[in-house]
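1. no sequence on this one, just coordinates:
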């Protein structure tokens, strides 16, 4: 099967919170770029995006009192100049003396009441009410008007009622067909449910200089190969230079460890050994995969081997197999540990057991049992967990969060729904471990493993199962190497 590279749209990788975006605007102002200039560029970008995707028709711009409405007034003006029938419904006048007030003064078209009836009769509604500046639930009259819009909604920056920092709804936010944002995306554009509510997301360049990022020093990024470099496979290097990975296998569900091992082998780990506690399990594992290394030596004996630097504990392990003694023995021996599944269950209510692991990969339920429910601020929860344990935390999901102990965080948005099936998490654990074994740092290895996991699955035929993924991951890696 030929690989079709799955690359995210070429947006800048930095993600800015609404507060950081406000700082960027202030930095631009201090550099001599007027707010009116940026607003004009933003409104023009909104109008351009609308004209590229919709046919001319009755258009209603909903305008609030802040700068977001200024973008709406400018967009209305450009659409009208292009021959569109446009009207503006203002929730309130713009703040006096503001750039938005100046933009509204240049609007000469019709003003209509801010009512449900006006929203219902429009063929297209532009939501320029609040954008990312909203910090509390919308007023009931605003919600009613937005709910009344039967036509497609175009959101300026983010849909009103959507928290740009967390992707959560503050009570209610409308479903947008298109969202046009500026300079840099916000976490809420990628985190669910925000990503789904945004519809198609367009990022517009409005003339903000890149230099404004220097003082902001963003700590959040969208996952992309630009953030990390995969280890190269040296033609002359023997397998021993690509790392020796050991995976604990359990008797009840040995297939999970085998999936992790296969993923690690496909992604270039030099040697991958399955550790079996019993002779019976070892014999079964050897018969099932002839090319797979299997050891029935004691855990202590394997830990004493300095070549076995990277370990995976958790896939397929039951509580009596993923014991606290085994987990701590691996970590305390100075090994690099990826903890998943059974190892996370063993540490439920006692997360300090995992302190010193290189990477842990909990899904939402496992995270809750370890640290408590992440709540609405999943980025903050991931950061706090990583700082608490001194480990990289991969909070898995369709919008996986990769958090480092120092506060850096990456949001991954390339995972297709087909990954929500048994065994795919085992594959991810093996993929991350393989990259660690080849010398990548934990934060970068976790981000790369998550991205390749999504990229491989996105290229899968219908009916994806976990067994399909290892080969797809290898194809994704190879395609990425070819592009670089």
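-> Thanks, I have the structure now. All values derive from a computational prediction rather than experimental measurement.
2. did I read that right, residue 320 in a helix?
-> No. Per DSSP: H, G, I helix; E, B strand; the rest coil, residue 320 lies outside any helix segment and is coil.
3. and it, how many neighbours does it have?
-> 11 (other CB atoms under 10 Å). C-betas here are computed from N, CA, C, even on glycine.
4. where does it sit relative to residue 393, distance-wise?
-> 26 Å (CB to CB, to the nearest Å).
5. any weak-confidence spans in this protein?
-> 1-11, 233-241, 483-484 (pLDDT under 70).
6. Domains in it, by residue range?
-> Domains of the chain are assigned by automatic domain parsing as 18-218, 226-483.
7. all strands in the stretch 201-350 of the chain, in order from the N-terminus.
-> 220-222, 244-248, 271-275, 293-295, 310-313, 336-339 (DSSP state E, counting those that start in this stretch).
8. Show me the contact partners of the first one.
-> With CB atoms under 8 Å, 6 or more residues apart in numbering as the test, strand 220-222 has contacts from 8, 11, 13-17, 185, 187, 190, 227, 379, 408-411, 413.
9. can you check stretch 254-267 too?
-> Contacts for stretch 254-267 (CB under 8 Å, 6+ apart): 245, 247-250, 272, 274, 281, 284-285, 288-289, 291-292, 312, 315-317, 340-341, 423, 426-431, 433-435, 437, 452, 466-467, 469-471, 473-474, 477.
10. And those, which of them are buried?
-> By neighbour count, with 16 or more other CB atoms under 10 Å, the contacts of stretch 254-267 hold 245, 247-250, 272, 274, 281, 285, 292, 312, 315-317, 340-341, 423, 426-431, 433-435, 437, 452, 466, 469-470, 473-474, 477 as buried.
11. So which of those residues belong to helices?
-> 281, 285, 426-431, 433-435, 437, 452, 469-470, 473-474, 477 (DSSP state H).
12. Filter the contacts of strand 220-222 down to the buried ones and express that as a ChimeraX selection.
-> Buried residues within those, by 16+ other CB under 10 Å, are selected in ChimeraX with:
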select :8,11,13,14,15,16,17,185,187,190,227,379,408,409,410,411,413
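13. Give me the residues contacting stretch 451-467.
-> In contact with stretch 451-467 (CB under 8 Å, 6+ apart) are residues 1, 3-7, 223-225, 259, 262, 267, 412, 414-416, 418-419, 421-424, 426-428, 431, 468-469, 472-473, 475-477, 480.
14. Revised request: answer the last question for stretch 470-484.
-> By CB under 8 Å, 6+ apart, stretch 470-484 touches 1, 3, 5-7, 225, 230, 232, 259, 262-263, 265-268, 427, 430-431, 452-453, 455-457, 459-460.
15. Then stretch 280-291?
-> 249, 251, 254, 258, 261-262, 265, 274, 276, 292, 294-296.
16. Would you mark the buried spots in the lengthiest helix in the chain?
-> Secondary structure assigned by DSSP H gives helix 35-53 as the longest helix of the chain. Buried residues in helix 35-53, counted by 16+ other CB under 10 Å: 35-36, 38-50.
17. same thing with stretch 322-332?
-> Buried-residue list, stretch 322-332, by 16+ other CB under 10 Å: 322, 323, 326, 327, 329, 330, 331.
18. burial measure for residue 290, as a count.
-> Neighbour tally, residue 290, other CB under 10 Å: 6.
19. wait, I meant residue 193
-> 15.
20. what's it in contact with, if anything?
-> Counting by CB under 8 Å, 6+ apart, residue 193 has contacts 167, 168, 169.
21. so which of the residues you listed comes closest to residue 109?
-> When the contacts of residue 193 are compared for distance to residue 109 (CB to CB), residue 169 wins out at 31.4 Å.
22. For that closest one, name its beta-bridge partners.
-> Beta-bridge partners for residue 169, by DSSP bridges, are residue 162.
23. and if you look at residue 395?
-> residue 401.
24. doesn't residue 179 make contact with residue 53?
-> No. Taking CB atoms under 8 Å as the definition, residue 53 is not a contact partner of residue 179, at 11.7 Å.
25. hey, what's in contact with both of the two?
-> Common neighbours of residue 53 and residue 179 (CB under 8 Å, 6+ apart) are residue 200.
26. picking that back up, return the closest of the contacts of residue 193 with respect to residue 212.
-> Distances from residue 212 to the contacts of residue 193, taken by CB to CB, are shortest for residue 167, at 23.6 Å.
27. which residues sit in contact with the closest one?
-> With CB under 8 Å, 6+ apart, residue 167 has these contacts: 187, 188, 189, 190, 191, 192, 193, 194, 195, 399.
28. let's see 7 Å
-> The contact partners of residue 167, by CB atoms under 7 Å, 6 or more residues apart in numbering, come to 187, 188, 191, 192, 193, 194, 195.
29. What count of nearby residues applies to residue 357?
-> Neighbours around residue 357, by other CB under 10 Å: 27.
30. just the buried residues of helix 35-53 now: which is nearest residue 92?
-> Relative to residue 92, and with distances defined as CB to CB, the nearest of these is residue 39, at 17.7 Å.
31. Is that closest one in contact with residue 102, as I believe?
-> No. Look at residue 39 against residue 102 with CB atoms under 7 Å: they stay out of range, at 8.4 Å.
32. out of the buried residues of helix 35-53, who's nearest residue 111?
-> Once CB to CB is applied, the member of these that ends up nearest residue 111 is residue 43, at 16.8 Å.
33. List the residues that contact that closest one.
-> Applying CB under 7 Å, 6+ apart, the residues near residue 43 are 71, 73, 74, 75, 78.
34. I'd like to know how far it sits from residue 384.
-> Counting by CB to CB, the gap from residue 43 to residue 384 is 39 Å.
35. With residue 421 instead?
-> From residue 421 to residue 384 the distance is 30 Å (CB to CB).
36. ditto for residue 82
-> Residue 82 is 49 Å from residue 384, by CB to CB.
37. Over to residue 21?
-> 23 Å.
38. now swap in residue 36 and tell me
-> 40 Å.
39. Which helix or strand contains residue 60?
-> strand 59-63 (DSSP states H and E).
40. Residues touching whichever helix or strand comes after that strand, excluding its own?
-> Per DSSP H and E, strand 59-63 leads on to helix 67-81 as the next helix or strand towards the C-terminus. Residues from elsewhere that reach helix 67-81 (CB under 7 Å, 6+ apart): 39-40, 42-44, 46-47, 50, 59, 61, 63, 86, 88, 94, 98-100, 103-104, 106-107, 109, 126, 128-131, 133, 156-157.
41. Would you mark the buried spots in helix 67-81?
-> For helix 67-81, by 16+ other CB under 10 Å, it's 67-80.
42. Buried ones only from the contacts of residue 167, please, as a PyMOL command.
-> With 16+ other CB under 10 Å as the criterion, this PyMOL line picks the buried residues out of the contacts of residue 167:
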select buried, resi 187+188+191+194+195
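43. Farthest-apart pair in the contacts of residue 167, please.
-> Farthest pair in these, by CB to CB: 187 and 193, 12.8 Å.
44. rewinding a little: quick check on the contacts of stretch 470-484: which are buried?
-> 3, 6, 225, 230, 259, 262-263, 265-268, 427, 430-431, 452-453, 455-457, 459-460.
45. No further questions, thank you.
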